[in-house]
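**Student:** Sequence and computational prediction follow.
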Amino acid sequence: QQPVQSPQAVILREGEDAVINCSSSKALYSVHWYRQKHGEAPVFLMILLKGGEQKGHEKISASFNEKKQQSSLYLTASQLSYSGTYFCGAALEYGNKLVFGAGTILRVKS
Amino acid sequence: DTEVTQTPKHLVMGMTNKKSLKCEQHMGHRAMYWYKQKAKKPPELMFVYSYEKLSINESVPSRFSPECPNSSLLNLHLHALQPEDSALYLCASSQDRQYNQPQHFGDGTRLSIL
C-alpha cells in the first residue's frame, strides 16, 4: 500500500524548478506532503483532499489527479533552503492510516 | 521550535534495560502517533491513539508498550530491545484521525541499542 514516489533523487541549481510525483494503486482520500532535513523532524507542507483544489504555499504548490490517483508537488525557482527529503503520505479512501512513500532527496546547489 | 515535544533527544540503552520515551503536545489534538524511522527510510507507523484509546497497533513487538495517560501525553515504554530497534522514534499529533488534517511531528528520540 506504500505510494510510489518519483524521482528518487534530484539535483537542482538555485532558481530551477522541480516536480515530485506520488502515485497510488488504490483510491486515495488525501495526500500529505512533508519535507525532512537531515537530523530534523518532518515538516508539514500541505494536504490535498479528494475533490479538492490545487494548493499553494509560497513557491511550492501541489495538485491531486483523482483519475490517476496521483499527486504532484511543484517547486518553482528553488532556493537552497528547499534541500531535504520530500515524503508524500497517502491516506486511502477506506483506510485508517497514513502511509509514507520512500521519499525524494532534493538537493539545491548554488 | 516544534509544538510537539519529545524527550529525551538521545537514548543509549542495553538490551536488558527498561526505559521510556515521552511525547507532549498542548494543541488540543486528540490523535497521537508513534512512528519508527530508520536512516534514509520513511517514517513507519507503530501505534495510533485516538481520544486516549489505542486504535491501531501495527503488529509491533510487545517489547514496545505505548501508553496515553491523558490527551496531551504519550509514552512509549521500552524493554529488552534488540539492536535492530535502533532508530529515530517520532511522535506526531493531529486534530483527529480523519486524515484531512496535518500531522505535527516532534523532533524525535534517537535510540541506540548496545
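**Tutor:** Structure received. Please read all numbers here as calculations on a predicted model, not as lab measurements.
**Student:** I figured A:Val99 hits A:Ala90, correct?
**Tutor:** Yes. In terms of CB atoms under 8 Å, A:Val99 counts as a neighbour of A:Ala90; the distance is 5.6 Å. In this view, the C-beta of every residue, glycine as well, is placed from N, C-alpha and C.
**Student:** Give me the more crowded residue out of those two.
**Tutor:** For A:Val99 versus A:Ala90, the count of surrounding residues by other CB atoms under 10 Å in any protein chain shown is larger for A:Ala90: 27 against 18.
**Student:** distance of the more buried one from B:Arg97?
**Tutor:** 15 Å (CB to CB, to the nearest Å).
**Student:** What are the neighbouring residues in contact with A:Leu75?
**Tutor:** A:Asp17, A:Ala18, A:Val19, A:Ile20, A:Lys59, A:Ile60, A:Tyr82, A:Leu106 (CB atoms under 8 Å, 6 or more residues apart in numbering or on different chains).
**Student:** export these to JSON lines and tack on neighbour count?
**Tutor:** Putting the contacts of A:Leu75 into JSON lines (neighbours: other CB atoms under 10 Å in any protein chain shown) gives the following:
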{"residue": "A:Asp17", "neighbour count": "11"}
{"residue": "A:Ala18", "neighbour count": "19"}
{"residue": "A:Val19", "neighbour count": "15"}
{"residue": "A:Ile20", "neighbour count": "22"}
{"residue": "A:Lys59", "neighbour count": "13"}
{"residue": "A:Ile60", "neighbour count": "19"}
{"residue": "A:Tyr82", "neighbour count": "19"}
{"residue": "A:Leu106", "neighbour count": "21"}
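**Student:** rewinding a little: anything in contact with each of A:Val99 and A:Ala90?
**Tutor:** Joint contacts of A:Val99 and A:Ala90 (CB under 8 Å, 6+ apart) are A:Gln1, A:Pro3.
**Student:** The contacts of A:Leu75 in helices, which ones?
**Tutor:** Counting by DSSP state H, no part of the contacts of A:Leu75 is found in helices.
**Student:** Minimum pLDDT in the residues you listed, which residue is that?
**Tutor:** Lowest pLDDT within these is found at A:Lys59 (85).
**Student:** Tell me the bridge partners for the one residue sitting closest to the centre of chain B.
**Tutor:** By CA atoms, centre = their mean, chain B has its centre lying nearest to B:Trp34, at 3.0 Å. Using DSSP bridges, the beta-bridge partners of B:Trp34 come out as B:Phe47, B:Cys91.
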